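> No sequence on hand, only this structure:
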């Protein structure tokens with residue numbers, strides 16, 4: 001039944017080939033966008049020293065990025081219609097490359113704020129567009145796996161990008177790392193020109209930029225609320241797990257590399273498995289709800305029971321795995337909205353993800369400062385349960401059969 005369904009959506013007798021090249025480029029673009037902020041983490045102290053500000057102000061650059069990222073993503077549905085999605089994707093990477101050059105050349109903190117804000121806007125334009133473009137070019141029967149590969153670029157930025165940036169930075173400093181990322185962004189822009197078709201998508205229906213009234217139906221609002229809850233949960237663990245290991249277990253910076261790599265690797269694997277499961281099951285909403293609840297259970301075991309270091313790392317790795325599965329299922333649900341509003345909905349989803357990141361930074365920062373790890377674990381559990389409920393509320397209603 002699944003293969004026949006895919007064949008009908010592609011308009012041929014059997015499913016079209018899986019667009020691996022397109023997905024690879026999309027994943028690379030997401031990798032670069034995510035790396036602009038994540039790779040800054042190892043150099044916060046050096047940046048604070050060079051720009052003559054304290055660590056708190058340098059940390060606020062991440063909030064600036066998330067804010068402009070979310071605001072721009074809100075309008076990407078319209079941008080794709082006005083200029084064409086391929087042009088938006090290329091322009092976003094070019095602007096991102098230019099901003100990273102700007103970051104490398106700053107001499108004052110306010111200059112860094114300006115360049116980071118522009119870079120965040122470019123990331124929002126890219127992320128808000130690439131999900132809609134991929135969703136429209138992949139049949140529903142393969143969309144879960146496709147979204148898993150695209151989301152995987154963000155996990156790889158944490159798994160590979162941060163260690164690579166640390167190694168490169170040991171030779172050329174944080175400014176040199178910014179220039180390397182700029183080069184990667186320009187390369188992605190060129191490859192996008194070659195690999196992304198300019199013609200309108202047909203596989204999943206050409207998602208447009210419908211009006212907000214048409215896009216934000218109660219079902220979609222529930223799914224967007226689930227997205228905020230999911231990203232808040234992920235941000236609380238991904239951002240403050242390293243701090244937890246340092247304060248609760250006394251780990252030094254060098255000792256954090258392996259635990260963080262394991263967690264990121266689990267998240268990447270979860271994205272892949274979740275995408276496959278989303279294509280295999282009949283009810284993606286129940287898949288998301290089950291994996292969301294599972295993340296809450298693991299978070300309680302991790303932060304409330306305060307296990308020894310090795311079990312803690314193992315639990316955090318499982319958390320990354322299950323969270324990746326839930327994220328793929330949720331994106332698959334959001335991409336299943338009517339084609340005429342898909343671009344708008346997926347753009348707003350990136351905005352909602354930014355809200356989740358900012359919320360996790362504010363709430364997690366206060367709890368981590370107080371070393372109230374139990375409260376952090378219960379916060380994740382409650383939000384995960386709320387997100388699961390919203391996911392179930394956002395499940396598609398079966399079409400009514402005509403009366404005979």
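On my side now, so go ahead. In this text the structure is predicted, and so the values were computed from the model without any measurement. Residues are numbered from 1 along each chain as shown.

> C-alpha only now, for contacts and for neighbours.
Will do.

> Contacts only, for residue 68.
By CA atoms under 8 Å, 6 or more residues apart in numbering, the contact set of residue 68 is 117, 118, 120, 121, 124.

> ok, of those, which come out buried?
Those of those that meet the buried threshold are 117, 118, 120, 121, 124, by 16 or more other CA atoms under 10 Å.

> hang on, the earlier thing: for the contacts of residue 68, which one is nearest residue 73?
residue 124 (4.5 Å; CA to CA).

> which stretch of helix or strand covers that closest one?
Using DSSP states H and E, residue 124 sits in helix 109-137.

> Tell me the buried residues in the next helix or strand after that helix?
Per DSSP H and E, helix 109-137 leads on to helix 140-156 as the next helix or strand towards the C-terminus. Buried residues in helix 140-156, counted by 16+ other CA under 10 Å: 140-156.

> and residue 231, what is it in contact with?
Applying CA under 8 Å, 6+ apart, the residues near residue 231 are 353, 354, 356, 357.

> Which secondary structure element is home to it?
Using DSSP H and E, residue 231 maps to helix 218-249.

> For the helix or strand that that helix is followed by, which helices and strands make contact with it?
For helix 218-249, the following helix or strand on the C-terminal side (DSSP H and E) is helix 257-280. Where contact means 3 or more CA pairs under 8 Å, 6 or more residues apart in numbering; DSSP states H and E, helix 257-280 is packed against helix 140-156, helix 309-335.

> For those, give me TSV that also has distance to residue 178 and mean pLDDT.
Shown next, in TSV, are those (distance: least, CA to CA, whole Å; pLDDT from 0 to 100):
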stretch	distance to residue 178	mean pLDDT
helix 140-156	18	77
helix 309-335	27	90
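
> can you put those in a markdown table and add distance to residue 185?
Formatted as a markdown table, those follow (distance: least, CA to CA, whole Å):
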| stretch | distance to residue 185 |
| --- | --- |
| helix 140-156 | 14 |
| helix 309-335 | 24 |
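
> And for residue 355, the neighbour number?
22 (other CA atoms under 10 Å).

> so what's the closest residue to it other than its chain neighbours up against?
Spatial nearest neighbour of residue 355, chain neighbours left out: residue 228 (6.4 Å); criterion: CA to CA, 6 or more residues apart in numbering. Taking CA under 8 Å, 6+ apart, we find residue 228 in contact with 352, 353, 354, 355, 356.

> what distance separates the helix or strand hosting the third one from the centre of its chain?
Using DSSP H and E, the secondary-structure element containing residue 354 is helix 339-369. Centroid displacement of helix 339-369 relative to its chain, using CA atoms, centre = their mean, to the nearest Å, is 9 Å.

> what is the rounded mean pLDDT of that helix?
If you average the pLDDT over helix 339-369, you get 79.

> the inter-axis angle of that helix versus helix 109-137?
Between helix 339-369 and helix 109-137, the angle comes out at 140 degrees (axes from the mean of the first three to the mean of the last three CA atoms, to 10 degrees).

> element containing the closest residue in space to residue 367 that isn't next to it in sequence?
Nearest residue to residue 367 in three dimensions, chain neighbours excluded: residue 376, at 6.4 Å (CA to CA, 6+ apart). Under the criterion of DSSP H and E, residue 376 resides in helix 373-393.

> Which neighbouring elements make contact with that helix?
Counting by 3+ CA pairs under 8 Å, 6+ apart, helix 373-393 packs on helix 218-249, helix 284-299, helix 339-369.

> contacts for that helix?
219, 222-223, 225-227, 229-230, 232-233, 236, 244, 285-286, 288-290, 292-293, 295-297, 299-305, 330, 364, 367-368.

> Which among the residues you listed count as buried?
Among the contacts of helix 373-393, the ones that count as buried by 16+ other CA under 10 Å are 219, 222-223, 225-227, 229-230, 232-233, 236, 244, 285-286, 288-290, 292-293, 295-297, 299-304, 330, 364, 367-368.
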